[in-house]
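*Asks:* This is a predicted model, with the sequence first.
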Amino acid sequence: MSPDTLHTPPPRRLRIVGIIAVIVVLAIVVAGIATRANDSHKLRAWTDEQAVPTVNVVEPQGGQGGGELNLPGRLQAYARAPIYARTSGYLKYWKADIGQKVKAGDVLAEIETPDLDQQLLQARADLASARANEALAQTTAKRWKSMSDSDSVSRQEVDEKTGDYEAKHALATAAQANLERIQALKGFARLTAPFDGTVTARETDVGALINAGGGGQELFVVSDTRKLRMYVNVPQNDAPSIKRGSTVKLTVPEYPGRTFTGIVESSSSAINAATGTTLVQVSVDNAEGTLLPGAYASVTFDLPGNAALFSVPASALVFDDRGLRVAVLDAHDKVSFRTVTVARDMGKTVQLSSGIARGDRLIESPPDGLADGDTVRVNAPKKAEGDHAPA
């Protein structure tokens, strides 16, 4: 045999190697195709899954409208009297300064009234003249009447003398009244406290020109701060729940962490058309003088619950061209939108008076593009966090 013949492989072995190579190539191709098909299926499934939005749902909390209602207001003295002058002049002296306790009738200041003093002297002189004329007319009338009994004078002359006396008597009465008026004005030269209280303002000083009347300057203010009052504007929805005689809590910034007690004393029993509120008066005992009139205060009312109100997060509301709505899910997680009515906006939560019922599942923060009949994927439900606990 030649050397080339010795090194040539048998044909059968070559065929076997070729078949094996073809099988390996086919296996690789089939595996690649299967992998790509599986990846494509997974991608399609993932895409379909992502097309269905995943949402959080909340259940409305019933029995809302109760709990606490916090409103601002201003404390005022229960009785406050600005003191004006009833007579003109110059301030002679003052005896009561701000913060001083006074009793009813205590002198606050005195006004020097030179013009009024002269009017008083003139009125006394006018009265003396009128009384002298009255006395002379009376004597004359008596004499003429006695002479008429003896027919010494005519009846007409007697009537004239009698009428003159009556006129002089009327002038004397008028002069007396004028004197008493000026004396009364002179009495107003002393400014006095109308009731027991505290002087909360003094707007004058010695030598100041004083003009009489309410149109003049306010000279003093006397306030009874042993009891304070506070006027609060209560929203119309809550007005029927505020009862006369109920107890309220007050807080003021200058005493953090401290609570004061007040009593609902009265209300206007009417709704202000401009604000939609009713005016409620709260009285606060301040015998210790801790609270100050004019101070800002926050009052808290305890309100009963209302089974017709439901609390939901504000994020569950959708406002568009169809109005205010919420997205509700049925048993098959399909969406339906309902129009709702807001009874009260509490900030993070709102109280709805219509459109939903107990047990409804509401979508929190509905995604854009969500429409009626869409199917969604639901996370675990959670309770809505209301601002008020059920009463």
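*Replies:* In hand now; what should we look at? Numbers count the residues shown, from 1 in each chain.
*Asks:* contacts, neighbours, all on C-alpha from now
*Replies:* Will do.
*Asks:* In which helix or strand does the one residue sitting closest to the centre of the chain reside?
*Replies:* Centroid-nearest residue in the chain: residue 233, 4.1 Å away (criterion: Cα atoms, centre = their mean). Secondary structure from DSSP states H and E places residue 233 in strand 220-235.
*Asks:* How far away from the center of its chain is that strand?
*Replies:* Taking Cα atoms, centre = their mean, to the nearest Å, one finds the center of strand 220-235 at 14 Å from the center of the full chain.
*Asks:* In terms of secondary structure, what does that strand contact?
*Replies:* With contacts defined as 3 or more Cα pairs under 8 Å, 6 or more residues apart in numbering; DSSP states H and E, the packing partners of strand 220-235 are strand 67-83, strand 197-202, strand 277-285.
*Asks:* model confidence over the last one, on average?
*Replies:* Strand 277-285 shows an average pLDDT of 94 in the prediction.
*Asks:* hang on, the earlier thing: count the neighbours of the nearest residue to the residue nearest to the centre of the chain once chain neighbours are set aside for me.
*Replies:* Leaving out its chain neighbours, the residue that sits closest to residue 233 by Cα to Cα, 6 or more residues apart in numbering is residue 279, at 4.8 Å. Other residues within reach of residue 279, judged by other Cα atoms under 10 Å, total 18.
*Asks:* and residue 279, how far is that from residue 78?
*Replies:* Computed as Cα to Cα, to the nearest Å, the residue 279 to residue 78 distance reads 16 Å.
*Asks:* Please list all residues in contact with residue 158.
*Replies:* 141, 144-145, 148 (Cα atoms under 8 Å, 6 or more residues apart in numbering).
*Asks:* I meant to write residue 110 there.
*Replies:* Applying Cα under 8 Å, 6+ apart as the definition, the contact partners of residue 110 turn out to be 91-94, 189-191.
*Asks:* same thing but at 10 Å, please
*Replies:* Residue 110 makes contacts with 85, 89-95, 187-192, 206, as judged by Cα atoms under 10 Å, 6 or more residues apart in numbering.
*Asks:* now do residue 161
*Replies:* Shown in contact with residue 161 (Cα under 10 Å, 6+ apart): 137-145, 167.
*Asks:* Quick one, which of those residues are buried?
*Replies:* 137-138, 140-141, 144-145 (16 or more other Cα atoms under 10 Å).
*Asks:* Would you convert those residues into a markdown table that also reports secondary structure, pLDDT and distance to residue 247?
*Replies:* Converted to a markdown table, these look like this (DSSP: H, G, I helix; E, B strand; the rest coil; pLDDT from 0 to 100; distance: Cα to Cα, whole Å):
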| residue | secondary structure | pLDDT | distance to residue 247 |
| --- | --- | --- | --- |
| 137 | helix | 90 | 73 |
| 138 | helix | 90 | 72 |
| 140 | helix | 88 | 77 |
| 141 | helix | 85 | 76 |
| 144 | helix | 79 | 81 |
| 145 | helix | 82 | 79 |
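*Asks:* In contact with residue 251, which residues?
*Replies:* Neighbouring residues of residue 251 by Cα under 10 Å, 6+ apart: 72, 257-261, 296-300.
*Asks:* Buried members of those into ChimeraX, please.
*Replies:* Paste this into ChimeraX to select the buried members of the contacts of residue 251, with burial taken from 16+ other Cα under 10 Å:
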select :72,261,296,297,298,299,300
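*Asks:* tell me which of the contacts of residue 251 is nearest to residue 123?
*Replies:* Closest to residue 123 out of the contacts of residue 251 is residue 296 (52.4 Å), distances taken as Cα to Cα.
*Asks:* who's the residue nearest to that closest one when sequence neighbours are not counted bridged to?
*Replies:* Setting aside the residues directly before and after it, residue 296 is nearest to residue 74 in space (Cα to Cα, 6+ apart), at 4.7 Å. Residue 74 has these beta-bridge partners by DSSP bridges: residue 231, residue 296.
*Asks:* returning to that earlier point: and which of the contacts of residue 251 is nearest to residue 152?
*Replies:* Among the contacts of residue 251, residue 296 lies closest to residue 152 (Cα to Cα), at 87.7 Å.
*Asks:* pretty sure that closest one is touching residue 231, no?
*Replies:* No. The pair residue 296 / residue 231 is not scored as a contact, 11.2 Å apart, by Cα atoms under 10 Å.
*Asks:* what's the model's confidence in stretch 108-126, averaged?
*Replies:* For stretch 108-126, the mean per-residue pLDDT is 94.
*Asks:* gap between it and the chain center?
*Replies:* Its chain's C-alpha centre lies 49 Å from the corresponding centre of stretch 108-126 when counted by Cα atoms, centre = their mean.
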